[in-house]
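# Please find the sequence and the predicted model below.
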Amino acid sequence: MSIEIVDPYVDLIEFKDVAGIEDLYSDAEILDALGEGAAMIDAYCNRSFHLLTETRTFHAPHSEWLLAGDLQSVESVTWFGTPLLPEEYLLFREMGDYDMLMRYFGSPPRCYPWDIDPALGSHAGQPWNAILVSGVWAYMAELSGITWTEVIPAKVVRANTVLGIRLWSARTTHYSGDGGGVVLGPRPLASELIDTEVKDLLNPYIRHPLPRFWGSPYAD
């Protein structure tokens, strides 16, 4: 079974200092443990805390607005196959778990299944009811000039540190000899690691999933 690993939320040197790790030969394995812990955090919170510049595809809500999580800035919007001009939409941030992307005027062009060839079921290779949003995505970010910088909440950093220590401790047994390396043991399950301590750190950041009708994202 493959293990998901993402970029850690805690710096390697900072982590080793907190964890009291002096091993100079296992940084790659430590980063894997931290990345695995970060992936567990993402799965538990239903969001990534890293800054990403990308296009995401959503189910069309059949209304003049779309709820999109952690959308800091919009570069372009394609609504039911139609690119929108910047003056045709507005982003409202901090609407609870989600940000609201709203069309300024009129109803969006309706596109029901019977409006197109059922055998095709798409516009330009996208699902028939898709809304494409390109932009900057992050839970928290700061803008300086034209440069965005991600801001990771301290509790998320702490949770990644706690999970990293547990994963590293559970997965390794040190052996003596030249190089002072480690042998990796079995990986614990997320359900075994995300206990009350970690949940208390992460619960404020959980993003609850939306029903498809309200504009839930397609799986990547």
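Perfect, I can see it now. Numbers count the residues shown, from 1 in each chain.
# which residues does Thr55 bridge with?
Ser134 (DSSP bridges).
# Looks like it contacts Ala130 (just checking).
No: here Thr55 does not reach Ala130: they are 10.8 Å apart, not a contact under C-beta atoms under 8 Å. Bear in mind the C-beta positions are built from the backbone N, C-alpha and C, glycine included.
# Which one's more surrounded, those two?
Counted by other C-beta atoms under 10 Å, Thr55 and Ala130 do not tie: Ala130 has more neighbours, with 20 against 11.
# For the more buried one, give the beta-bridge partners.
For Ala130, the beta-bridge partners are His59 (DSSP bridges).
# Show me how the record splits this structure into domains.
12-47+152-205, 52-151 (automatic domain parsing).
# Nearest to Glu4 among those would be which one?
Closest to Glu4 of the domains of the chain, according to C-beta to C-beta: domain 12-47+152-205, at 4.2 Å.
# tell me the mean pLDDT for the closest one?
Domain 12-47+152-205 carries an average pLDDT of 84.
# still on that earlier bit, I'd like the domains of the chain as a markdown table, with distance to Ile5 appended.
Listed next are those as a markdown table, based on distance: least, C-beta to C-beta, whole Å:
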| stretch | distance to Ile5 |
| --- | --- |
| domain 12-47+152-205 | 4 |
| domain 52-151 | 16 |
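# This structure: helices as residue ranges?
Secondary structure of the chain, counting by DSSP state H: helices at 12-19, 27-45, 154-171, 190-193, 196-202.
# Let's have these in CSV, adding mean neighbour count.
Output for the helices of the chain, formatted as CSV (neighbours: other C-beta atoms under 10 Å):
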stretch, mean neighbour count
helix 12-19, 15
helix 27-45, 20
helix 154-171, 20
helix 190-193, 13
helix 196-202, 15
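# got these as a markdown table, with distance to Ala68 columns?
Listed next are the helices of the chain as a markdown table, based on distance: least, C-beta to C-beta, whole Å:
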| stretch | distance to Ala68 |
| --- | --- |
| helix 12-19 | 32 |
| helix 27-45 | 16 |
| helix 154-171 | 21 |
| helix 190-193 | 26 |
| helix 196-202 | 21 |
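# now for those helices, which one comes closest to Leu84?
Of all the helices of the chain, helix 27-45 sits nearest to Leu84, with 29.6 Å by C-beta to C-beta.
# So which elements touch that closest one?
Secondary-structure packing of helix 27-45 (3 or more C-beta pairs under 8 Å, 6 or more residues apart in numbering; DSSP states H and E): helix 12-19, helix 154-171, helix 190-193, helix 196-202.
# again, 10 Å this time
Contact partners of helix 27-45 among helices and strands, from 3 or more C-beta pairs under 10 Å, 6 or more residues apart in numbering; DSSP states H and E: helix 12-19, helix 154-171, strand 172-174, strand 182-184, helix 190-193, helix 196-202.
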